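Participant: Please work out how this folds:
(chains A and B)
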Amino acid sequence: MKIRKKVVVKNPEGLHARPASELVKALLGVSSEVYIVYKGMKANAKSILNILSLGVDPGAEVEVIVSGEDAEKVIEIVEGILDGEAKK
Amino acid sequence: MERQKNKVIQIPRGNIISEGYGLGTLRVLKRKKTTEKQFINLEDIKLAAKTLSSELSKIISDPSLPKEVQEISQVHQLLLEDPFLWKKLEDASADGKIMIEDYKYIRDEIISLLLSTGNPLIQQRVDDIKDLFRNLLLESPEGLDNLKSNVVYSEEFFPSDIIKLSTLGVKALLSTQGSHTTHAAILARAFEIPYIIRLPDLSEYEGKTVFVDAVIGRIVIDPDDANIREFEKITKRYTKEKEKIEKYGRLKFDDIKIMANISVPQEIEVAKRKGADGIGLFRTEFLFVGRDNPPSEEEQYLVYKKALETFYPEEVVIRLLDIGGDKKLEYLPVDDEENPFLGLRGIRLLLKHKEILKTQLRALLRASPYGNLSVLVPMVTLPEDIKGLLRIIHETKEDLLTEGRKIGSFKLGIMVEVPSIIWLIDKINPHIDFVSIGTNDLTQYIFAADRNNPSVSKYYQDEHEIIFEIITTIAEKARNFNLPVSVCGELAGKEDAVEILLQFGVKKFSVSSFKVPFIKRKIYEIQTVKKGNMKAKTSDDPSLLS
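Facilitator: Have a look, this model is predicted:
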């Protein structure tokens, strides 16, 4: 299954080191492939270096592409972190 | 020839990363050099990564370490395991070997990737990448034992250095490079190791005794015996105090607030932990500097919202962008001025560049429904400054309401830092809700002396009686208009000045987070002595002060 969804990054730190590491950690045991597209650049969401190199600021809109069997569950995890709510 | 004793290097406050005192022998951090070889084995790098990762796992799972240390260690562990990095290394290897030039090329490529984002916070992570590549080459510091209980100098410190040095009880860190937002800086603050940056090369003083005063901002090299005894006393008293001081952060006074000055978002949590009764000065420059474009409304809104939520219901005073003078922005062209400190600064500049002001106001007004927002206007000189600003606030409100956005109530205050305000407060009063006295700039403008210019340092006297007289005048005038007064300059963090300020009716102090418990203790002592009973109450521990 492949899901593409536009998500606004509401985490007040954007996708800086801490939220990026949260995202990578959350995807450690996930089988789906996860990509984030921002300003025409595509990053593997399982690589902290890839995510950081996008330079996503808070409030920006990104596209999340998830493909794999657990895509539905994974998109929820990603949205939760980009929303800044995952830790609560 | 014997060098002169007591050589003093004065340090601007902005170069202090982490406050405190340190006395010890100056030691230079030396790094192992392995890069002379032409090739490195991929297997060796993998082994180094595995070892480092398991060291980090121990740190991550140690609950006694500060949260920041665990978070940064987590980032480092993920960098060590990064698939993008390993693909690059594997692609570059032939027969299990990588040419050292290729290894450096990969490092520089990754650094360029981060730098090209144009995002200052991500650009700061370059230090972590350099740290990672050094550590994988086992270029970690060598001979650490001789640094034990000493003052350590290095051109720059990396996050893993700070973690290692923290276990050695080093007295202070000194470096030529660095900034407030690097992970190394965050870790030094988390471990409470005094740390000063942007220093001249100090390696020639290796082996000399040095006294690091990362409170006022000075380094004394090779002090004489009398000075060493004095510094020992200061350091001992300070260390003893520090052990006992934290509990005072939990004090809450009936009518006095000790708030925190914040310069970067990471300080919000620190301020909360230190017991700040709100944020008295949230400097917003970090959002605007070191980038090619101004921050978006949404980016600002999310940062302001976080501060307001974290401290709710305590007040959070967010200062409008205070740029100009020595602070310039790439994307905001300002003509060269002969006297920039007397030129287009603070609100003067914002009123000229309404697009920047409007975006910041929109973000602030959108965050205002959280209920604890106060907006502080820098460099107000004339009532017209505030009237001009009010017109733009009105327009911005109208725009937001038309868009169906919610706006809450908020307070509007001015920084008292330009002398004219002392006499014009009567005319500004109808338009504002509070005043905040910025004693640093006020002192500069009163004495016409730049506080960072050592040639005129004798003229910069923020504890001069006329500064206190001015504060009294402002406080009295403000009281007549029912305007609350706060003091947010360095004076507010000086314990001996607090008593005088309290007598003048100042009820709000805003100081660096680190100073919050010290100032609370001072006020507790004043109240206890004066009233002969405990006016203060503790939030959760009645035996706190027994």
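
Participant: Give me the nearest residue to B:Ser57, chain neighbours excluded.
Facilitator: Spatial nearest neighbour of B:Ser57, chain neighbours left out: B:Gln77 (7.0 Å); criterion: C-beta to C-beta, 6 or more residues apart in numbering or on different chains. C-beta: built from backbone N, CA, C; applies to glycine.

Participant: My read is that the one you found contacts B:Lys58, right?
Facilitator: No: the criterion here is C-beta atoms under 8 Å, and B:Gln77 misses it with B:Lys58 at 10.8 Å.

Participant: neighbour-wise, which of those two wins?
Facilitator: B:Gln77 (22 against 10; other C-beta atoms under 10 Å in any protein chain shown).

Participant: who touches that one in this structure?
Facilitator: B:53, B:56-57, B:60 (C-beta atoms under 8 Å, 6 or more residues apart in numbering or on different chains).

Participant: hang on, the earlier thing: host element of the residue nearest to B:Ser57?
Facilitator: Counting by DSSP states H and E, the element that carries B:Gln77 is helix B:67-80.

Participant: With just CA atoms, put that helix into CSV.
Facilitator: What follows is helix B:67-80, C-alpha atoms only, in CSV (Å, rounded to 0.1, in the frame of the first residue of the first chain):
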residue,chain,number,x,y,z
LYS,B,67,17.7,15.2,29.8
GLU,B,68,19.7,17.3,27.3
VAL,B,69,22.6,14.9,27.5
GLN,B,70,20.4,11.9,26.7
GLU,B,71,18.8,13.7,23.8
ILE,B,72,22.0,14.8,22.3
SER,B,73,23.5,11.3,22.8
GLN,B,74,20.5,9.8,21.0
VAL,B,75,21.1,12.1,18.0
HIS,B,76,24.8,11.0,18.0
GLN,B,77,23.8,7.3,18.2
LEU,B,78,21.4,7.7,15.2
LEU,B,79,24.2,9.5,13.2
LEU,B,80,26.5,6.6,13.9
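
Participant: can you list the residues of chain A near chain B?
Facilitator: A:8, A:10-14, A:16-18, A:20-21, A:24-25, A:44, A:46-50, A:52-55, A:57-60, A:84 (C-beta under 8 Å from any C-beta of the partner chain).

Participant: hang on, B:Phe191 packs against B:Thr167?
Facilitator: No: at 9.4 Å, B:Phe191 and B:Thr167 do not qualify as touching, with contact defined as C-beta under 8 Å.

Participant: out of those two, which sits in the busier spot?
Facilitator: Taking other C-beta under 10 Å, B:Phe191 and B:Thr167 do not tie; B:Phe191 has more neighbours (20 against 10).

Participant: and that one, how far is that from B:Gly280?
Facilitator: According to C-beta to C-beta, to the nearest Å, B:Phe191 and B:Gly280 sit 26 Å apart.

Participant: Model confidence score at the residue nearest in space to the middle of chain A, please.
Facilitator: Compute the mean C-alpha point of chain A, and by C-alpha atoms, centre = their mean the closest residue is A:Val78, 4.8 Å away. A:Val78 carries a pLDDT value of 94.

Participant: could you list every residue that touches the residue nearest to B:Asp277 when sequence neighbours are not counted?
Facilitator: Distance criterion C-beta to C-beta, 6+ apart; nearest residue to B:Asp277, sequence neighbours excluded, is B:Lys257 at 4.3 Å. By C-beta under 8 Å, 6+ apart, the contact set of B:Lys257 is B:277-278, B:280, B:315, B:486, B:507-509.

Participant: Quick check on the residues you listed: which are buried?
Facilitator: Taking 16 or more other C-beta atoms under 10 Å in any protein chain shown as the criterion, what is buried in the contacts of B:Lys257 is B:277-278, B:280, B:315, B:486, B:508-509.

Participant: In the residues you listed, find the pair that's most separated.
Facilitator: Spanning the widest gap among the buried ones among the contacts of B:Lys257 are B:Glu315 and B:Phe509, at 12.8 Å by C-beta to C-beta.

Participant: Please identify every residue contacting each of those two.
Facilitator: Shared contacts of B:Glu315 and B:Phe509, counting by C-beta under 8 Å, 6+ apart, come down to B:257, B:259, B:280.

Participant: Using TSV, lay out those residues together with secondary structure.
Facilitator: As requested, the shared contacts of B:Glu315 and B:Phe509 are exported to TSV (DSSP: H, G, I helix; E, B strand; the rest coil):
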residue	secondary structure
B:Lys257	strand
B:Met259	strand
B:Gly280	strand
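
Participant: Would you point out which residue of the stretch 51-200 of chain B is nearest chain A?
Facilitator: Nearest residue of the stretch 51-200 of chain B to chain A: B:Thr117, at 2.6 Å (C-beta to the nearest C-beta).

Participant: what about that residue, neighbour count?
Facilitator: B:Thr117, neighbours per other C-beta under 10 Å, totals 21.

Participant: wait, it sits on A:Gly55?
Facilitator: Yes: between B:Thr117 and A:Gly55 there is a contact under C-beta under 8 Å: 2.6 Å.

Participant: what bits of the chain have low per-residue confidence?
Facilitator: Picked chain A for this. For chain A, the stretches flagged by pLDDT under 70 are A:85-88.

Participant: wrong chain, I was asking about chain B
Facilitator: Ranges of chain B meeting pLDDT under 70: B:1-3, B:32-36, B:138-143, B:326, B:452, B:454, B:531-546.

Participant: For it, which residues are neighbours of chain A?
Facilitator: Neighbours of chain A within chain B, by C-beta under 8 Å from any C-beta: B:71-72, B:74-75, B:78-79, B:82-85, B:110, B:113-114, B:116-119, B:121-122, B:125, B:128, B:183, B:265, B:295-299, B:301-303, B:305-306.

Participant: These in helices, which ones?
Facilitator: Under the assignment DSSP state H, the residues of chain B next to chain A contribute B:71-72, B:74-75, B:78-79, B:83-85, B:110, B:113-114, B:121-122, B:128, B:183, B:297-299, B:301-303, B:305-306 to helices.

Participant: What are the boundaries of the strands in the stretch 401-546 of chain B?
Facilitator: B:411-416, B:434-437, B:485-487, B:508-512, B:537-538 (DSSP state E, counting those that start in this stretch).

Participant: Check chain A too.
Facilitator: Ranges of strands within chain A are A:2-8, A:33-38, A:41-44, A:61-67, based on DSSP state E.

Participant: Turn those strands into TSV, including mean neighbour count and distance to A:Val74.
Facilitator: Formatted as TSV, these follow (neighbours: other C-beta atoms under 10 Å in any protein chain shown; distance: least, C-beta to C-beta, whole Å):
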stretch	mean neighbour count	distance to A:Val74
strand A:2-8	13	8
strand A:33-38	19	6
strand A:41-44	17	13
strand A:61-67	18	5
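
Participant: what's next to stretch B:200-211, contact-wise?
Facilitator: By C-beta under 8 Å, 6+ apart, stretch B:200-211 touches B:9, B:21-28, B:151, B:153, B:155, B:174, B:176, B:219-223, B:227-228, B:231, B:235.

Participant: Got a quick ChimeraX command for the buried subset of those?
Facilitator: This is the ChimeraX syntax for the buried subset of these, where burial follows 16+ other C-beta under 10 Å:
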select /B:9,21,22,23,24,25,26,27,28,151,153,174,219,220,221,222,223,227,231,235
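
Participant: now, which of the contacts of stretch B:200-211 lie within strands?
Facilitator: The strands, defined by DSSP E, take in B:9, B:21-28, B:151, B:153, B:174, B:219-221 from the contacts of stretch B:200-211.

Participant: any idea which of the residues you listed is closest to chain A?
Facilitator: Among those, B:Leu174 lies closest to chain A (C-beta to the nearest C-beta), at 25.5 Å.
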